[in-house]
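Peer 1: this one's structure only:
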């Protein structure tokens, strides 16, 4: 009978340990940076596993620093030496040896306090220090301590804290990788900003010089005028690429803002098409618009929407055959205006349709007709307006890109806006029966 009671007690303790580790693992996975991951490790350890917890991590200079602490009595945390550099004792020994360190005893445990690097006033009945190991190296150590000796350090406890340290090591490795990735993104964005600024000045000089040269060019020098137009188109392409790079940088930094006002869809489409007309004409491509007179105004950032249309039309020009036609259409669908850009090019293979809006994606191997940014930027801008963008394509028949924008009168009505957002979350706007499909 006694044996059965002991077995049941051990089983319950084991189940409790599994539940704790499962919950701890889930919490550790949500922390994205090293500091918050260490703080989470300390917090979830107290009081379930220990009376206090110390997290010491190796720094880039090789020193061991206490980055997070927790105590079952919050007022006692200042005695746990948060922020201190650990130059000796159990944490350093655990890191250097890769083995668990620990001790138990009665009383205040002044020696134990010195060993784990806390104030002598901290009451310690026992502690266990476990190395925190990442994927390929030791990252630091975590110490679990008891304020008194009523809770013994048994084998199950040691197994539990070792497993928790293992999961913390994986979470910290992921956090370090995330921080490295974020740092790389910041550095790239800084470089993009500097390079773009440095490129704009000479480009503006070229554009201004080309304008003066074109205005003063004699009509009889048609050959030179053609060269000027070629240079002008190339300059426009470079300017467009610079804007694409800057837009991607802003989107990744969550710096995309839209200043929405009532704007004419017809005007925005014509502005975009007029800008691209010389590019299309160079390939003998016709830009055709199909727009009803009753098309309502939309609540948008007009300059950014013109950029969306320009990106879609420019993309269609790149992939259209010489002498082809591109249609830009629009119509009202409930509280939205649906805009479509249709080409008759080679189309997109079915297995590539899910990638067309990915950054830097190229439709075909060795295809370098663009940087692969235009469609990604278009999606970011459309979604910033609360709209949606998608594509349908058939190989050898062409592609049609659709996107939606909120009409101005619906956007000013809170109830209509909420209803349209709810409908959009359940299904995308229907396109059945569109004249251009």
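Peer 2: Perfect, thanks for sending it. The structure presented is a predicted model; accordingly, all values stated were derived computationally and were not measured. Numbering: from 1, shown residues only.

Peer 1: which stretches of the protein form helices?
Peer 2: Ranges of helices within the chain are 2-30, 34-45, 90-97, 110-116, 155-215, 222-252, 265-282, 302-319, 374-384, 408-411, 414-426, based on DSSP state H.

Peer 1: list the buried residues of the first one.
Peer 2: If I follow you right, that is helix 2-30. For helix 2-30, the neighbour count (16 or more other CB atoms under 10 Å) marks 17, 20, 21, 24, 25, 28 as buried. To be clear about C-beta, it is placed using only N, CA and C from the backbone, and glycine gets the same treatment.

Peer 1: can you lay out those as a markdown table showing distance to residue 328 and pLDDT?
Peer 2: A markdown table is the format used below for those (distance: CB to CB, whole Å; pLDDT from 0 to 100):
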| residue | distance to residue 328 | pLDDT |
| --- | --- | --- |
| 17 | 64 | 79 |
| 20 | 60 | 84 |
| 21 | 58 | 89 |
| 24 | 55 | 83 |
| 25 | 52 | 82 |
| 28 | 50 | 89 |
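
Peer 1: how about low-confidence regions in the stretch 151-300 of the chain?
Peer 2: Counting by pLDDT under 70, the stretch 151-300 of the chain shows low-confidence ranges at 151-153, 220, 252-256.

Peer 1: got JSON lines for the helices of the chain, with distance to residue 334 too?
Peer 2: What follows is those, written out as JSON lines (distance: least, CB to CB, whole Å):
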{"stretch": "helix 2-30", "distance to residue 334": "38"}
{"stretch": "helix 34-45", "distance to residue 334": "43"}
{"stretch": "helix 90-97", "distance to residue 334": "63"}
{"stretch": "helix 110-116", "distance to residue 334": "66"}
{"stretch": "helix 155-215", "distance to residue 334": "38"}
{"stretch": "helix 222-252", "distance to residue 334": "28"}
{"stretch": "helix 265-282", "distance to residue 334": "15"}
{"stretch": "helix 302-319", "distance to residue 334": "19"}
{"stretch": "helix 374-384", "distance to residue 334": "17"}
{"stretch": "helix 408-411", "distance to residue 334": "8"}
{"stretch": "helix 414-426", "distance to residue 334": "7"}
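
Peer 1: with respect to residue 327, which of these lies nearest?
Peer 2: helix 302-319 (9.1 Å; CB to CB).

Peer 1: about what we covered before: among the helices of the chain, which comes closest to residue 127?
Peer 2: When the helices of the chain are compared by CB to CB, helix 110-116 sits nearest residue 127, at 5.7 Å.

Peer 1: for the helices of the chain, which one sits closest to residue 336?
Peer 2: So among those, helix 414-426 is nearest, using CB to CB, at 6.8 Å.

Peer 1: before we move on, the earlier item: tell me which of the helices of the chain sits nearest to residue 58.
Peer 2: Closest among those, using CB to CB: helix 90-97, at 6.7 Å.

Peer 1: who touches that closest one?
Peer 2: 54, 56, 58, 64, 86, 100-103, 115-117, 127, 129-131, 138, 140-141, 143 (CB atoms under 8 Å, 6 or more residues apart in numbering).

Peer 1: which positions in that helix come out as buried?
Peer 2: 90, 91, 92, 93, 94, 95.

Peer 1: how far out from the middle of the chain is that helix?
Peer 2: Taking CA atoms, centre = their mean, to the nearest Å, one finds helix 90-97 lying 37 Å from the centre of the chain it belongs to.

Peer 1: give me the pLDDT value at the nearest residue to residue 339 once chain neighbours are set aside.
Peer 2: Closest residue in space to residue 339, ignoring its immediate chain neighbours: residue 330 at 4.7 Å, by CB to CB, 6 or more residues apart in numbering. pLDDT recorded at residue 330 is 94.

Peer 1: how many neighbours does residue 330 have?
Peer 2: For residue 330, the neighbour count with other CB atoms under 10 Å is 21.

Peer 1: who are the neighbours in contact with it?
Peer 2: Residue 330 sits next to 265, 266, 269, 290, 291, 292, 295, 337, 338, 339, 340 when contact means CB under 8 Å, 6+ apart.

Peer 1: repeat the analysis, applying 7 Å as the threshold.
Peer 2: By CB atoms under 7 Å, 6 or more residues apart in numbering, residue 330 lies in contact with 265, 269, 291, 295, 337, 338, 339.

Peer 1: kindly report the same for residue 86.
Peer 2: Neighbour list for residue 86: 56, 64, 66, 92, 117 [criterion: CB under 7 Å, 6+ apart].

Peer 1: same deal with residue 103?
Peer 2: Counting by CB under 7 Å, 6+ apart, residue 103 makes contact with 112, 126, 127.

Peer 1: which of those residues tops the neighbour count?
Peer 2: For these, the largest number of neighbours (other CB under 10 Å) sits with residue 127, at 27 neighbours.

Peer 1: excluding sequence neighbours, find me the nearest residue to residue 123.
Peer 2: Using CB to CB, 6+ apart and skipping the chain neighbours, the partner closest in space to residue 123 is residue 147 (5.1 Å).

Peer 1: against residue 88, how distant is that neighbour?
Peer 2: As for residue 147, its distance to residue 88 is 23 Å (criterion: CB to CB, to the nearest Å).

Peer 1: what does residue 183 give?
Peer 2: The gap separating residue 183 from residue 88 is 32 Å, by CB to CB.

Peer 1: do residue 308 as well
Peer 2: 62 Å.

Peer 1: now swap in residue 355 and tell me
Peer 2: Counting by CB to CB, the separation of residue 355 from residue 88 is 55 Å.

Peer 1: equivalent analysis for residue 31, please.
Peer 2: For residue 31, the distance to residue 88 equals 29 Å [CB to CB].

Peer 1: now a PyMOL select for only the buried ones of the contacts of helix 90-97.
Peer 2: In PyMOL, this line selects whichever of these come out buried by 16+ other CB under 10 Å:
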select buried, resi 54+56+58+64+86+100+101+102+103+115+116+117+127+129+130+131+138+140+141+143
